[in-house]
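A.B. asks: Mind folding the following:
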Amino acid sequence: MQFRRIEFAFGYKRSSALHHYPEGSDERAELERALGEPTVWDAFLRYLERQGFAVPAEALDRDVGQAVAPSAALQEVLLHAYRKDTPVNLVCERLVDLDEGLQEWRYRHVKMVERTIGTKVGSGGSSGVEYLKSTLFRPLFPDLWAIRVSL
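C.D. replies: Below is the predicted model of the structure:
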């Protein structure tokens, strides 16, 4: 549950994660609360707006209960921010560092689980290693990765 809470805070939300926790349990209640809370990404978008960047309304008003999805319009704003505002550029890079670090942690976790339990069912009720492998290259902040080719 704790890792799901971290994922939700960063923006990787999915209601299907709740199904692994019994109705009425403390864990499920915590995740249900987290599902409805704004994410680090949402806070970052508000920061960009306060810095004078024209963040698209659909990004600012998105359903915070859903996973962060890529936006071509937002990517244009991010490119402009990277090129014109060094402090914002640095914040963007720290978010990419965080995202990369979580992806690296996922890889290490996959290898540890694979070594420990092989192909058995995972502790969170998932298919175990196969499920974990499917999460390896799923970025938290897809727009920051999408613009890499244009920087």
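A.B. asks: for this protein, what are the low-confidence residue spans?
C.D. replies: 123-125 (pLDDT under 70).
A.B. asks: make it 80
C.D. replies: Along the chain, the parts satisfying pLDDT under 80 run over 122-127.
A.B. asks: Break down it into its helices, ranges please.
C.D. replies: Assigned by DSSP state H, the chain shows helices spanning 2-10, 26-35, 40-50, 57-60, 72-84, 86-117, 129-134, 142-146.
A.B. asks: hey, which of the ones you listed is tucked in deepest?
C.D. replies: Scoring these by mean neighbour count under mean count of other CB atoms under 10 Å gives helix 142-146 as the most buried, with a mean of 20. Just so you know, the C-beta spots here come from the backbone N, C-alpha and C atoms, and that holds for glycine as well.
A.B. asks: is it true that L79 touches R148?
C.D. replies: No: using CB atoms under 8 Å as the test, L79 is too far from R148 to be in contact (10.4 Å).
A.B. asks: which residues are in contact with both of the two?
C.D. replies: Shared contacts of L79 and R148, defined by CB atoms under 8 Å, 6 or more residues apart in numbering, are absent.
A.B. asks: about what we covered before: I'd like the helices of the chain as CSV, with distance to A17 appended.
C.D. replies: CSV is the format used below for these (distance: least, CB to CB, whole Å):
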stretch, distance to A17
helix 2-10, 5
helix 26-35, 6
helix 40-50, 17
helix 57-60, 23
helix 72-84, 25
helix 86-117, 15
helix 129-134, 11
helix 142-146, 19
